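My questions concern the predicted model and sequence given below.
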Amino acid sequence: MLALDIRNINKKYPNFELKDVSFQLEKGYIMGFIGVNGAGKTTTIRSILNMTHIDSGEVHILGRNMAEHELELKQDIGFAFGGTDFYRRSKIKTLTNTIKKFYQNWDDVTYYNYLRRFKLDENKKVADLSTGMKVKYSLALALSHGAKLLILDEPTSGLDPASRDDLLDIFQELIVGGEVSILFSTHITSDLEKCADFITFISDGQIILSCEKEEFKESFLLLNGTESQLLQVKDQMISYKTNSFGFTGLIHVGDFDPSYGIKTATPSLEDILVYFTKKGDTHG
Ligand SMILES: Nc1ncnc2c1ncn2[C@@H]1O[C@H](COP(=O)(O)OP(=O)(O)OP(=O)(O)O)[C@@H](O)[C@H]1O
């Protein structure tokens with residue numbers, strides 16, 4: 001069963017467009033959503049959650065159409081946005097008491113477990129929380145109403161390394177039973193190396209690739225060659241850097257001819273993001 005089925009979302013802003021965004025997430029898995037700044041991750045997430053009006057396309061969550069069943073489906077979705085700043089003058093306790101009324105399956109025991117695990121004091125005011133603590137509070141809320149699908153926009157941003165590691169452990173604990181699925185966007189590729197099963201990659205409002213993590217990496221090649229070899233592949237490369245020995249760069253596996261004899265390696269997720277970010281730049 002699909003936890004998330006996104007079909008041909010189009011959304012136009014004056015200077016940006018989501019173009020036929022489609023991807024699917026199987027129930028029980030973790031998907032990392034990556035792309036450079038401004039690629040369209042947040043706009044896609046907001047579109048999935050019906051927080052922004054889309055021009056066309058459909059979102060199906062846990063087998064139901066989001067546009068037709070938004071209220072019921074929101075019971076099953078936990079969402080959190082990194083750096084959210086809400087109701088600054090309220091105490092955590094007061095805010096939670098208001099929010100929990102919206103959720104039929106709210107579970108105080110789970111909630112207080114997360115408060116303890118995240119070392120959050122419910123008597124603190126939102127304004128007095130650090131950036132990382134605010135993220136943790138949003139996550140505690142998102143994780144405490146039995147959500148079957150978590151949609152998290154940069155949940156690890158603002159967290160220190162130990163807290164990030166703990167959150168990734170929580171993600172893995174959550175999916176063990178096969179009932180919970182997680183989509184999260186991030187720039188921190190080590191998070192994805194650690195816990196994502198699938199990767200969806202967006203660039204300039206278009207999905208470049210959405211597939212299992214190893215398959216994703218193997219769809220590209222990192223090339224390392226001399227200046228004269230660069231001339232053979234230059235036009236097919238996503239981007240490259242030159243150095244005193246020659247060049248290194250990224251290419252789609254299908255665009256590479258092994259008969260050139262250029263040294264190749266499987267890129268890391270970091271390599272893929274870096275070279276896509278450089279796409280269109282002048283090189284050297
Ligand atoms: N409400 C809006 N009105 C007009 N343009 C918008 C609006 N929201 C986002 N955009 C534009 O859409 C583009 C994509 O933004 P989005 O926030 O989806 O990217 P992102 O991939 O999440 O980036 P980042 O990694 O920096 O968070 C940007 O060029 C942004 O300026």
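Received the coordinates, thanks.

Residue ranges in the chain under the pLDDT threshold?
When residues are selected by pLDDT under 70, those of the chain lie in 82-86, 280-284.

Which parts of it are helices?
Secondary structure of the chain (DSSP state H): helices at 41-48, 70-76, 92-99, 108-117, 131-142, 161-175, 189-195, 213-218, 227-233, 269-278.

Could you dump those into TSV with distance to the ligand added?
C-beta: built from backbone N, CA, C; applies to glycine. Shown next, in TSV, are the helices of the chain (distance: least, C-beta to the nearest ligand atom, whole Å):
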stretch	distance to the ligand
helix 41-48	3
helix 70-76	20
helix 92-99	24
helix 108-117	25
helix 131-142	14
helix 161-175	17
helix 189-195	13
helix 213-218	18
helix 227-233	29
helix 269-278	11
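
Dump those helices into a markdown table; add mean neighbour count as well.
Converted to a markdown table, the helices of the chain look like this (neighbours: other C-beta atoms under 10 Å):
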| stretch | mean neighbour count |
| --- | --- |
| helix 41-48 | 22 |
| helix 70-76 | 15 |
| helix 92-99 | 16 |
| helix 108-117 | 14 |
| helix 131-142 | 21 |
| helix 161-175 | 16 |
| helix 189-195 | 19 |
| helix 213-218 | 16 |
| helix 227-233 | 14 |
| helix 269-278 | 19 |
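
CSV for these, including distance to Asn243?
As requested, the helices of the chain are exported to CSV (distance: least, C-beta to C-beta, whole Å):
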stretch, distance to Asn243
helix 41-48, 31
helix 70-76, 51
helix 92-99, 51
helix 108-117, 46
helix 131-142, 37
helix 161-175, 30
helix 189-195, 22
helix 213-218, 23
helix 227-233, 10
helix 269-278, 14
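
right, so of the ones you listed, which gets closest to Gly28?
Judged by C-beta to C-beta, the one of the helices of the chain that comes nearest to Gly28 is helix 161-175, at 5.7 Å.

Would you mind getting the angle between the closest one and helix 108-117?
Following axes from the mean of the first three to the mean of the last three C-alpha atoms, to 10 degrees, one obtains 160 degrees for the angle between helix 161-175 and helix 108-117.

Output helix 161-175 as PDB, nothing but the C-alphas.
C-alpha atoms of helix 161-175 as PDB (Å, rounded to 0.1, in the frame of the first residue of the first chain):
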ATOM      1  CA  PRO A 161      24.700  16.200  16.300                       C
ATOM      2  CA  ALA A 162      23.600  14.100  19.300                       C
ATOM      3  CA  SER A 163      20.000  15.300  19.000                       C
ATOM      4  CA  ARG A 164      20.100  14.600  15.300                       C
ATOM      5  CA  ASP A 165      21.400  11.200  15.800                       C
ATOM      6  CA  ASP A 166      18.600  10.600  18.400                       C
ATOM      7  CA  LEU A 167      15.900  11.800  16.100                       C
ATOM      8  CA  LEU A 168      17.200   9.400  13.300                       C
ATOM      9  CA  ASP A 169      17.000   6.600  15.800                       C
ATOM     10  CA  ILE A 170      13.400   7.600  16.600                       C
ATOM     11  CA  PHE A 171      12.600   7.500  12.900                       C
ATOM     12  CA  GLN A 172      14.000   4.000  12.700                       C
ATOM     13  CA  GLU A 173      12.100   2.900  15.800                       C
ATOM     14  CA  LEU A 174       8.900   4.300  14.400                       C
ATOM     15  CA  ILE A 175       8.900   2.400  11.100                       C
END
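
In terms of secondary structure, what does that helix contact?
Other helices and strands packing on helix 161-175, by 3 or more C-beta pairs under 8 Å, 6 or more residues apart in numbering; DSSP states H and E, are strand 30-34, helix 131-142, strand 181-185, helix 189-195.

tell me the contacts of the closest residue to Thr110 other than its chain neighbours?
Spatial nearest neighbour of Thr110, excluding adjacent residues (C-beta to C-beta, 6 or more residues apart in numbering): Ser144 at 4.8 Å. Ser144 sits next to 100, 103, 106-108, 110-111, 114 when contact means C-beta atoms under 8 Å, 6 or more residues apart in numbering.

ok, which pair from those is furthest apart?
Most distant of the contacts of Ser144, by C-beta to C-beta, are Tyr103 and Tyr114, 14.3 Å apart.

distance between stretch 262-280 and the chain's centre?
In terms of C-alpha atoms, centre = their mean, to the nearest Å, the centre of stretch 262-280 is found 19 Å from the chain centre.

I appreciate the help and will end here.
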